[in-house]
Each structure stands twice: as C-alpha cells, then as structure tokens.
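**Student:** Have a look; sequence and predicted model below, questions after that.
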Amino acid sequence: MPKQSLYLLSTLRLITFLKSMQMAKEEEMEIINPPNTLKTKVKKGGPGAINPAMLEKAEQVLAGLSDSYLEWVQQDLRTSPRPSMS
C-alpha cells in the first residue's frame, strides 16, 4: 500500500476517533460513587478496634523478616511449578 494511502487511512481513523470522542462528551454522563463500607468496618476504640501496641509489634516483626525476603522469593521461584506454554 502506498504511503499516501496509509496516511489517508490513518487520518480518517483519527477523524472518526475524534468525532466519537466529541459525541461521548455531548452525551449525558452519570458518575456513580459506591458507598465506602470500609469506614463501617474499622472501629476506633472499644472491642475489636486497632490496638496501637499490637500494630507496633507487627511492624517490628515485619521489619525483622525483611532481611530474609529475597531468599524466600528465590526459593519459591526455584520450587514453584512452571506454567506450560501450550
């Protein structure tokens, strides 16, 4: 296909795309914001609430594990089954 034909085809596709975008802007749009149910599940104080001491302890445990993380990943990569490429 000659370069001029490819250029014309690309230009026509671009014009069609721009026209469709203009039509989409002209249509009415509705924005739906789902309710934030996480706020109802997290408690501030009382039974079942986040305990700052437990949170601090968990952060310390995670910090101690970070040195072993790369070793764990390498071992997992060596021992995990390979997906078939068929």
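**Tutor:** Cool, the structure landed.
**Student:** So for residue 57, what pLDDT did the model give?
**Tutor:** On the pLDDT scale, residue 57 is placed at 90.
**Student:** Can you give the contact residues for whichever helix or strand it is part of?
**Tutor:** Element membership for residue 57, per DSSP states H and E: helix 52-65. Residues outside helix 52-65 that contact it (Cβ atoms under 8 Å, 6 or more residues apart in numbering): none are found. Just so you know, the C-beta spots here come from the backbone N, C-alpha and C atoms, and that holds for glycine as well.
**Student:** gap between it and the chain center?
**Tutor:** The gap between where helix 52-65 is centred and where its chain is centred comes out at 26 Å by Cα atoms, centre = their mean, to the nearest Å.
**Student:** relative to helix 52-65, how tilted is the helix or strand harbouring residue 70?
**Tutor:** Using DSSP H and E, residue 70 sits in helix 69-79. Relative orientation of helix 69-79 and helix 52-65, computed by axes from the mean of the first three to the mean of the last three Cα atoms, to 10 degrees: 60 degrees.
**Student:** Using CSV, list the CA coordinates for helix 69-79.
**Tutor:** Taking Å, rounded to 0.1, in the frame of the first residue of the first chain, the C-alpha atoms of helix 69-79 are listed here in CSV:
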residue,chain,number,x,y,z
TYR,A,69,12.5,-11.8,52.0
LEU,A,70,14.7,-12.1,48.9
GLU,A,71,15.9,-15.6,50.0
TRP,A,72,12.3,-16.7,50.3
VAL,A,73,11.4,-15.3,46.9
GLN,A,74,14.4,-17.1,45.3
GLN,A,75,13.5,-20.4,46.9
ASP,A,76,9.8,-20.0,45.9
LEU,A,77,10.9,-19.3,42.3
ARG,A,78,13.1,-22.4,42.2
THR,A,79,10.5,-24.7,43.7
